[in-house]
Every structure is written in structure tokens, then in C-alpha cells.
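Chemist: Following is a predicted model, sequence given first.
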Amino acid sequence: MSYRSHTPPMVATWLFIVALMICAMIIVGGATRLTDSGLSITEWKPITGAIPPLSSADWEEALQLYRSTTEYQEVNRGMSMEEFQFIFWWEWGHRQLGRLIGLAFAVPLLIFWLRGDLTARLKPRLLGLLVLGGLQGAIGWWMVASGLVDRLDVSQYRLATHLGMAFVLLGATVWCALEARYGAPPVRAGTHTRWFVFFWGLVFLQILAGAFVAGIDAGLVHNTWPLMSGQLVPDDYLRGAFSDENLPVYQAMFESRAAVQMQHRWLAYLVIAATGVTAWMIFREPRVSLKPFLIILPALVLAQVALGIATLLAYAPLSLSLFHQGGAILLFIACGAATWTARRSI
């Protein structure tokens, strides 16, 4: 069997489709969190869990399992079957989409591998993506399990881990798709590669900060801008998310709603500043390959900041929150594409 030194266009198309599915997965996951649907399915059944309740008895059993959670007992006690089904379908759809992405990645990977359509450079990278995808499913259950006992929601630390892994998968998939389409990069990296890697990492850090905002509902306090209830640093910065007891600084940074929101705000300002530096570097760059990002990156950053402010002022409604998350996806992909382009601009 002969193996090609390049990949046919269908390989790149397949990877771009998988990346698009991951984007949909992130949006559905955000809706699942924002509708408090994530704890509606209390068991992890990777295979048989694909089959939803099919009878009244099955639905009653699923609801009975949910009744054992702290969330039901303290927040949703007396929930009707119709209300339970609403949150159940969000969580089931999220898990089902994960299964679909796994199949959409694994089956074509096997076919392309057997046909010899993959380069030696791409093979280990795609295998690594397959492993990370399986790990993401386990992380998802690890996250859900944190909210089944003695908590009203899942752990914000595990939520950030789960979302972070989703973006890692998205970035790596897009990167591999670009390589499959345009070939391996040159041995020597472009002059601005390190800066673009830093900028991409900064955007990723801001996305993780956003996960903490969603995880503890930090968008429901200090709903003013540019100051936080008239203060640059709010009095409750170092107080617990749901108590009046002072927390250690290192703990308050991740568990105080005021602190988490303030950090998300200031990281946004840092991203704006870094975007200005990036735009100036691109403006001075004589080669044309990076020029489109002179418009794309600032436009996406400013739109995302505007969406974030609007979401905050409106007390984080579902629609604006999902648009904000969608903006994060677009910005992250654009940063990845810019980094990939800079890597090849010698």
C-alpha cells in the first residue's frame, strides 16, 4: 500500500466539519449550564445512555433519580414532569452531540488511515485528538458528579476544566485542518509567532475566566459598567460567593462572585490592549498574509467586549449569554488562524 505525502482535500473538509460540530457542542453546553440542566441526568452510561426514556415509567424513574440531588431538594422541589423533561432534553442533547462528534471523528479517521490519505505528521496528532475527545467525555461526567451531592451546581473548577478542554480540542482540530489543507509549516517559524501564541493564550485564559463567571453566576452581581456598583474595586471583592465570611485571597479569586467578575473585566481590558499591540505589529508587517487580521481581530474583540457589557447590564439573559459565548468561539478561532498564519510568515 502506498502512502501519500500530502492529504486529499476531503481530509481538511472532514476536520473543518468536526470543528464546526465542536462549536455547536460548546454552545449547547453553555445553554445546558445556563438553564441549570446539567444535573438532570444523574448517571453516566456512555453507550446505553444514548437511549432516552421511552415510557412513562422510564420518565418517572429518571425524575426519581433527579429528586435525590441537592439541586432538586433545595431549588426545584415539586418540579413537574414537563419542567423536568425540559432540562433533561438539554443535558441529553449535549451528551448525544458528544457521542455524535466521537463517531464523526473516529470513523472517518479509520477510513482515511486505511486508505493512506494521512501524512506521517498528521497521524499522531489525530490520534492524540481522538484520545483527548474520549478524555473530554470523562471530564464531563467528573464535572456533573461534583454537583450531585452537597452542591446546588457543578464545581466551577471542573466546569472551567471541561470548557477549557473543549477549546483545546477546537483549536487543535482547526490547526490540523489548516495543515491538512495547506501542508506542513516551514521549519523556521515566522518572526511574530511567539507574540501570536501569547495573544491566543491570553484569549484562552479569558475564556476560562468566563467559565468561572458562569460557574458561580458572577454575572448576576454588580450589574453596572464601567464601575462595579460605583467602585473600581468592590467592597465584596474578597468575600465568599454566597456568604459574608472573608475568604483567603487565593480562594476568593475563584469563589467570590465579585472577584471572579472583576477579574473577567480586567482580563478583557488586557485583551483589548494586546489587540492594539497585535494590530500595530500587523500594520508594520510588510508581508500580506497577516493583513486580513488587522481588521478581523480588533473587530471581533470590540464586538465581544460590547456583548459582554450588554450581557452584564441585562443580568445575563440566556440569549445574550449564548451570543457572548459564540463571540468567544469566533475570536478563539480567529486567534488560532492568525497564529497559524504567523507561524508560516517568514
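Modeler: That came in fine, so what should we check first? From a predicted model like this one, the values you see are computed outputs, not experimental measurements.

Chemist: and stretch 196-206, which residues are buried?
Modeler: Neighbour-count burial for stretch 196-206, counted by 16 or more other CB atoms under 10 Å, picks out 196, 199-200, 202-204, 206. Using the backbone N, CA and C atoms, a C-beta is placed for each residue, glycine as well.

Chemist: same check, this time on stretch 148-168
Modeler: Neighbour-count burial for stretch 148-168 flags 148, 152-156, 158-167 (criterion: 16+ other CB under 10 Å).

Chemist: Out of the buried residues of stretch 196-206, which sit inside helices?
Modeler: If you go by DSSP state H, the buried residues of stretch 196-206 have 196, 199-200, 202-204, 206 in helices.

Chemist: ok, those vs Pro317, which is closest?
Modeler: Relative to Pro317, the closest of those is Gln206; by CB to CB it sits at 21.0 Å.

Chemist: Can you give me the pLDDT of that closest one?
Modeler: As predicted, Gln206 sits at a pLDDT of 98.

Chemist: The one 10 residues further on too?
Modeler: The predicted local distance difference test score for Ile216 is 93.

Chemist: count of neighbours near it?
Modeler: For Ile216, the neighbour count with other CB atoms under 10 Å is 23.

Chemist: who's in contact with it?
Modeler: 153, 156, 241, 255, 257, 260 (CB atoms under 8 Å, 6 or more residues apart in numbering).

Chemist: Quick one: which of those has the lowest pLDDT value?
Modeler: Ala241 (43).

Chemist: quick check, nearest of the buried residues of stretch 196-206 to Glu285?
Modeler: The closest of the buried residues of stretch 196-206, once distances to Glu285 are taken by CB to CB, is Phe196, at 11.2 Å.

Chemist: same for the lengthiest helix in the chain, what does it pack against?
Modeler: Determined from DSSP H, the single longest helix within the chain is helix 81-115. With contacts taken as 3 or more CB pairs under 8 Å, 6 or more residues apart in numbering; DSSP states H and E, helix 81-115 sits against helix 9-34, helix 56-66, helix 122-145.

Chemist: Give me whichever of those helices is most buried.
Modeler: helix 9-34 (a mean of 19; mean count of other CB atoms under 10 Å).

Chemist: Run through the neighbouring helices and strands of the helix or strand bottoming out on mean pLDDT in the chain.
Modeler: Least confident helix or strand of the chain, by mean pLDDT, DSSP states H and E, is helix 249-255 with a mean of 85. Contacts defined by 3+ CB pairs under 8 Å, 6+ apart place helix 249-255 against helix 156-182, helix 257-284.

Chemist: Go again with 10 Å.
Modeler: Applying 3 or more CB pairs under 10 Å, 6 or more residues apart in numbering; DSSP states H and E, we find helix 249-255 packed against helix 156-182, helix 193-215, helix 257-284.

Chemist: Return the distance of that helix from the chain's centre.
Modeler: Distance, stretch centre to chain centre, for helix 249-255: 22 Å (CA atoms, centre = their mean, to the nearest Å).

Chemist: What of stretch 185-201?
Modeler: Centroid separation for stretch 185-201 versus its chain: 23 Å, with CA atoms, centre = their mean.

Chemist: Now do it: everything it contacts.
Modeler: With contacts defined as CB atoms under 10 Å, 6 or more residues apart in numbering, stretch 185-201 is touched by 171, 178-179, 271, 274-275, 277-278, 281-282, 285, 287, 289-290, 293, 297, 331-332, 334-346.

Chemist: what about burial for the residues you listed, which qualify?
Modeler: Taking 16+ other CB under 10 Å as the criterion, what is buried in the contacts of stretch 185-201 is 171, 178-179, 271, 274-275, 278, 281-282, 285, 290, 293, 297, 331-332, 334-345.

Chemist: centroid residue for this structure?
Modeler: Taking CA atoms, centre = their mean, the centroid of the chain lies closest to Leu163, which sits 3.9 Å from it.

Chemist: From what I see, it and Arg33 are in contact.
Modeler: Yes. The pair Leu163 / Arg33 is scored as a contact, 8.9 Å apart, by CB atoms under 10 Å.

Chemist: shared neighbours, the two?
Modeler: The contact sets of Leu163 and Arg33 overlap at 143, 211, 214-215, 325 (CB under 10 Å, 6+ apart).
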